[in-house]
Each structure stands twice: as structure tokens, then as C-alpha cells.
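In: Sequence plus the predicted model coming up.
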Amino acid sequence: MFSIGDKIVYPMHGAGVITGIEEKNILGALREYYILSMPCGDMKIMVPVDNCSEVGIRHISEAGVVKKVFDVLKDESSEMPSNWNRRCRENMEKLKSGDIFKVAEVVRNLMRQDREKRLSTGEKKLLTNAKQILISEMILVSGKDKEQMTELVNEAV
């Protein structure tokens, strides 16, 4: 179980800080929820406490991971399927994993593909989401602000 003040990653939404733990009655079910404050987008998210392991919630990465993430961003693009549907599915699986290195891979590959040939609307949304997930964790790990981290990520790719 996590505590107030813990910095955690919610795989499909990004990293945030637990600002509270509240009991809520939603659709007739009384459950405990973590209240997450996200550094990107000024969002608050409620996460059911009893669903944490199923959705892959974890503590944020250690500070040493930042350099390794930038190495992934600078690395060669990985091979992706030419079929956009299959490519999208693979990228979604990587995001759902919650693994910061896989998220960095998605960001790198889609940013480079967007430079070469424009991404479809769906892939643009996926890129925006992946960048938010990556940058939110990098902000909490490094202490930099959103603009600085966004610029560093863009430069690395």
C-alpha cells in the first residue's frame, strides 16, 4: 500500500503524487481511493486502492534512471510494423506496461516517424499521451519543470 506524499506511476496516465486517501461511494460501492495530483495538466485522478496491482501502479524510478531514459531517446529507432493498426497496438501495449524505457521507446519512435512522414490522428494522440506519461515521471524524478523537461526530451530525440 502507498502513503500520502508517495510519488507513483499510473501506467496509462503518468506519474503523480498521492495527496490524499479518501473513501468514496461510487455506483453503490464504498471503496478507498488514492487522490493523485499530476504535474502535467494540473489534473487530479482517483485510483481505487484495491486495483493498484492489477493496473501496474508502482513507485517512480530512481534518479539514476533519467540518464538511461535519455540514452533510449537518443538510441536508434526500433523496427515497427508498417501496418498502422498493428503498430498502434504494439505501442499501446508498451504504454500499458508502465515501463519507463518502453514508454521512452514509443516517444522516440513516434517522434521520428512524425518528422519523416506525418502521423495519423490516432498516432498523434498516442504520441501526445506517451510524452505526457514520460515527462510526468521525469519531472518528479529530476525536479525540473514541464517546459525544461519537454525541451530536453525533444532535443534528445
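Out: Cool, the structure landed.
In: May I ask which helix or strand encompasses Arg108?
Out: Using DSSP states H and E, Arg108 sits within helix 100-116.
In: any idea of the mean pLDDT in that helix?
Out: Mean pLDDT, computed over helix 100-116, is 95.
In: what does stretch 43-51 give?
Out: Per-residue pLDDT over stretch 43-51 has a mean of 89.
In: how long is it from one end to the other?
Out: This stretch, stretch 43-51, spans 20 Å end to end (C-alpha to C-alpha, to the nearest Å).
In: contact partners of that stretch?
Out: Identification of contacts with stretch 43-51 by C-beta atoms under 8 Å, 6 or more residues apart in numbering yields 1, 10, 13, 16, 19, 21-22, 24, 31-38, 55, 57. No exception for glycine: its C-beta is placed from N, CA and C like everyone else's.
In: Not counting its neighbours along the chain, what's nearest Leu73?
Out: Distances taken as C-beta to C-beta, 6 or more residues apart in numbering place Ala156 nearest to Leu73, at 3.9 Å, with adjacent residues excluded.
In: Helices of this protein, start to end?
Out: Under the criterion DSSP state H, the chain carries helices at the ranges 52-55, 65-74, 84-97, 100-116, 121-142, 146-156.
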